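A.B. asks: got a predicted structure plus its sequence, pasted below:
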Amino acid sequence: MDYEIIIAGGGMVGAALACLLGQAGKQVAVLETTTPAAFSPDDPFDNRVSAISRASQRLLEQAGAWSSVLNMRAAPYENMQVWDATGSGLIRFEAAELGESDLGHIVENRVLQLALLATLKTYPSVELLCPARLESFELSQQQIQVKLADGRQLTAQLLVGADGAQSVVRSLAELPYEVLDYAQKGVVCTAYTSLPHLDTAWQRFLPTGPLAFLPLPEPQACSIVWTLPADQADTALWWDEERFQRELGQALDFRLGEIMSLGERAAFPLRGLHAQPYVRERIALLGDAAHTIHPLAGQGVNLGFKDAQALAELILANERADAGSLKLLRRYERARRGDNFLTQKAMEAFNLVFSNTLAPWQILRNRGLTTANQLPLLKYQLAKRAMGL
């Protein structure tokens, strides 16, 4: 065989898996259609960012990529404040109360991908094939043969689909999946505010959906994710800049003062997806190819990194086993499906509860936030859970 494992998708999750396997000398090919533009400190902030938990940071350290992330740019956040727009309910998390230096880092997706791709190139047993696009595959008892769009053919024990929510691997493998359209879109951009963000992640629950201001390395720059009903999101993209700044500042209750300027705006649809199942003989899905969730708690990529770690640990702990055997891959699925499913449904429940305009629900959630904020042990457990610890 040409390789032991072929990974379709060189994004954050696929590249992380390649690094973990490459450290152990596994023969790995990574298929990626395009690579992100090179980083420059003078580049404007990207719209797409991820809230990297402490558990994900440790995985990136293990993969050898975290120092590269920090050499580009990342913003640690020491506090998180969440409150409800319909009442006085509020909960605040502080790293100092937990004995931690921070609660996590806000990192641009491009920075994460660049750091991981640069790291995987340092492992001699890992080969990045770019541009390369999967066209088809054929299964046999001993291997999987992958055909690329340019005619190249590769063989391996296992094909991993880390190629996103529109996964080609999932489609070709005819792995069924469930989709729930949340009828919402996430409006994203960089916002520059008159007051500093104070290394704090701010989130306000509005009847139309949550609004998050995530701190960036500049003290008055935040990456925003503004969840709105799909039609309202489309309308917001057409507002002139003055109106958008005014509406955005008001939506955050001017906690960071006026919005002084904006980066380029964009919006993406929000859908929950869960593959049924994640695996078949010689094929495994992970990350967004297996599951997508509502972004209100920023757990999407962190779940993907957990998938990568679980699959890598299983393969490396069973050196003599066939990495593509269904028996082995089902162990990976059992390890990850429950956590992914529960997190997905919890985020959907939060979104429904906090967008409900009925008075009893408003009273209940405001009391819930206030009560949780007054119970140190509960806050500690919630924070540790969010940090992946």
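C.D. replies: Yes, it's here.

A.B. asks: from residue 17, how far off is residue 213?
C.D. replies: For residue 213, the distance to residue 17 equals 32 Å [Cβ to Cβ, to the nearest Å]. C-beta coordinates here come from the backbone N, C-alpha and C atoms, glycine included.

A.B. asks: the two: which has the busier surroundings?
C.D. replies: Shown here are residue 213 and residue 17; by other Cβ atoms under 10 Å, residue 17 has more neighbours (32 against 26).

A.B. asks: could you confirm the more buried one falls within a strand?
C.D. replies: No: Residue 17 is assigned helix when assessed by DSSP: H, G, I helix; E, B strand; the rest coil, not a strand.

A.B. asks: find the nearest non-adjacent residue to it, please.
C.D. replies: Among residues not flanking residue 17 along the chain, residue 308 sits closest, at 4.1 Å (Cβ to Cβ, 6 or more residues apart in numbering).

A.B. asks: give me the longest strand you can find in the protein.
C.D. replies: strand 177-193 (DSSP state E).

A.B. asks: I figured residue 113 was touching residue 9, is that so?
C.D. replies: No: between residue 113 and residue 9 there is no contact under Cβ atoms under 8 Å: 10.6 Å.

A.B. asks: all helices for the chain, in order.
C.D. replies: Listed in chain order, the helices of the chain (DSSP state H) span 12-23, 54-63, 66-72, 95-98, 109-120, 168-172, 230-238, 241-251, 300-317, 326-355, 359-373, 376-386.

A.B. asks: which of the residues in the shortest one are buried?
C.D. replies: Within helix 95-98, the residues that count as buried by 16 or more other Cβ atoms under 10 Å are 95, 98.

A.B. asks: chain center to it, what's the gap?
C.D. replies: The chain centre lies 24 Å from the centre of helix 95-98; the measure is Cα atoms, centre = their mean, to the nearest Å.

A.B. asks: does anything pack onto it? Which helices or strands?
C.D. replies: When contacts are defined as 3 or more Cβ pairs under 8 Å, 6 or more residues apart in numbering; DSSP states H and E, helix 95-98 sits against helix 376-386.

A.B. asks: just the buried residues of the helix it packs on, please?
C.D. replies: 379, 383, 386.

A.B. asks: check residue 98 and give its pLDDT.
C.D. replies: Looking at residue 98, its pLDDT is 89.

A.B. asks: do a quick rundown of the strands in the stretch 151-300 of the chain.
C.D. replies: Along the stretch 151-300 of the chain, counting by DSSP state E, counting those that start in this stretch, strands occupy 153-156, 158-161, 177-193, 200-206, 209-215, 221-229, 259-262, 266-275, 279-280, 283-285, 291-292.

A.B. asks: what's the closest of these to residue 97?
C.D. replies: Set against residue 97 and scored by Cβ to Cβ, the strands of the stretch 151-300 of the chain come closest in strand 200-206, at 13.7 Å.

A.B. asks: what comes into contact with that closest one?
C.D. replies: Applying Cβ atoms under 8 Å, 6 or more residues apart in numbering, the external contacts of strand 200-206 come out as 51, 77-85, 103, 106, 210-215, 222, 251-253, 255-256, 296, 354-355, 365.
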